[in-house]
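**Student:** model the structure of this input:
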Amino acid sequence: MTPRERLTEILAKRITDFLQEEGFKFNANKSQFTKNINEIRQIIYFEGSKWNYANAVADYQLLCRIEIKKFPNWYLRIYKTNQATHHQTKITEKSIHRPIPSEGYHDNWDKNGQSNRKYELTEFSSVVVEESMYKNLKECILPYLKTCSTYTGIAEQAKHPLDKFDFYMMDNNSKTGESVLKQALETIRKIDMSEVDASDDFRINSLKNTENMLNIRINTFFPNLKKIKLELPKS
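**Tutor:** Just a heads-up that it's a prediction; the model follows:
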């Protein structure tokens, strides 16, 4: 039995039916469940170890992510730039945006049948693994994805402040968006530039990018706010 066949057999006991009842479609070839809600794609998937082989190793991590198809067009239309939130990336109309979550869905995570969050299907009984997977889906992942079924919900879970801002603004939640932007401005203004290594090109470019991205958002939505002008060290 291959590792994926072993996983599919465990999922078939009740997890596949359970998630399908919740509106998810199952792709057995990828061991992946997907659901579209409010133009947001929610994905529950199992990431296998690169060492998985036959009956020797069958380790899988249970994860989830969201993809927002509408975001790239909104971003390009609103900001009129293809420079993305994060350093050295670009946004195009075909980009698939996956905001970095807070991973709050790991709170109260059941660790049975796992080592370092990986389910070890050859080491633990299928009963133990299946019960833990079911519990984590029901009590951790699904509540998290329910929160992430709106742009405001995604903003609340996002780790990066500019992701938070953008999704609040996509939901026309400007009051909260302005609060997030002000907090980001305050954080970067507190950086002691004298401690920044002038030879650290990655750090310097990241700060320049952050300055630019904050100012783009100020210009677009809140022109009354004072723009950022960082005095970066010169090499």
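
**Student:** separation between the spatially most central residue of the chain and residue 157?
**Tutor:** Computing the C-alpha centroid of the chain and ranking residues by Cα atoms, centre = their mean puts residue 100 first, at 3.0 Å. With the distance defined as Cβ to Cβ, to the nearest Å, residue 100 ends up 10 Å from residue 157. Quick note: C-beta positions are derived from backbone N, CA and C, even for glycine.

**Student:** which parts of the chain are helices?
**Tutor:** Secondary structure of the chain (DSSP state H): helices located at 3-11, 15-21, 71-79, 126-136, 142-147, 151-157, 161-170, 174-189, 201-221.

**Student:** tell me the most buried of the ones you listed?
**Tutor:** Comparing those by mean neighbour count (mean count of other Cβ atoms under 10 Å), helix 161-170 ranks first with a mean of 23.

**Student:** just the residues contacting it, thanks.
**Tutor:** 70-71, 74-75, 78, 85, 99-100, 151-152, 154-156, 158, 174, 176-177, 180-181, 183-184, 187, 213-214, 217, 221 (Cβ atoms under 8 Å, 6 or more residues apart in numbering).

**Student:** try stretch 172-184
**Tutor:** So stretch 172-184 is contacted by 151-152, 155, 161-162, 164-165, 168-169, 214, 217-218, 221-222, 225 (Cβ under 8 Å, 6+ apart).

**Student:** which residues touch residue 26?
**Tutor:** Contacts for residue 26 (Cβ under 8 Å, 6+ apart) come out as 11, 16, 19-20, 32-33.

**Student:** distance between the ends of stretch 179-199?
**Tutor:** Start-to-end span of stretch 179-199 (Cα to Cα, to the nearest Å) is 34 Å.

**Student:** now it: mean pLDDT?
**Tutor:** Averaging pLDDT along stretch 179-199 yields 91.

**Student:** from residue 27, how far off is residue 35?
**Tutor:** In this view, residue 35 and residue 27 are 12 Å apart by Cβ to Cβ.

**Student:** can you check residue 174 too?
**Tutor:** Counting by Cβ to Cβ, the separation of residue 174 from residue 27 is 38 Å.

**Student:** please apply the same query to residue 50.
**Tutor:** Per Cβ to Cβ, residue 50 is found 21 Å from residue 27.

**Student:** and what of residue 110?
**Tutor:** For residue 110 relative to residue 27 (Cβ to Cβ), the value is 25 Å.

**Student:** residues contacting stretch 119-129, please?
**Tutor:** The contact list for stretch 119-129, computed with Cβ under 8 Å, 6+ apart, reads 3, 6-7, 9-10, 13, 55-62, 112-115, 132-133.

**Student:** re the thing from before, would you agree the residue nearest to the centre of the chain is in contact with residue 154?
**Tutor:** No. In this structure, residue 100 is not within contact of residue 154 by Cβ atoms under 8 Å, at 10.8 Å.

**Student:** low-confidence ranges, this structure, go.
**Tutor:** Along the chain, the model assigns pLDDT under 70 to residues 84-88, 101-103, 235.

**Student:** spatially nearest residue to residue 152, not counting backbone neighbours?
**Tutor:** Counting by Cβ to Cβ, 6 or more residues apart in numbering, residue 171 is the residue found nearest to residue 152 once chain neighbours are left out, at 4.5 Å.

**Student:** what about that neighbour, how many residues nearby?
**Tutor:** Residue 171: 16 surrounding residues under other Cβ atoms under 10 Å.
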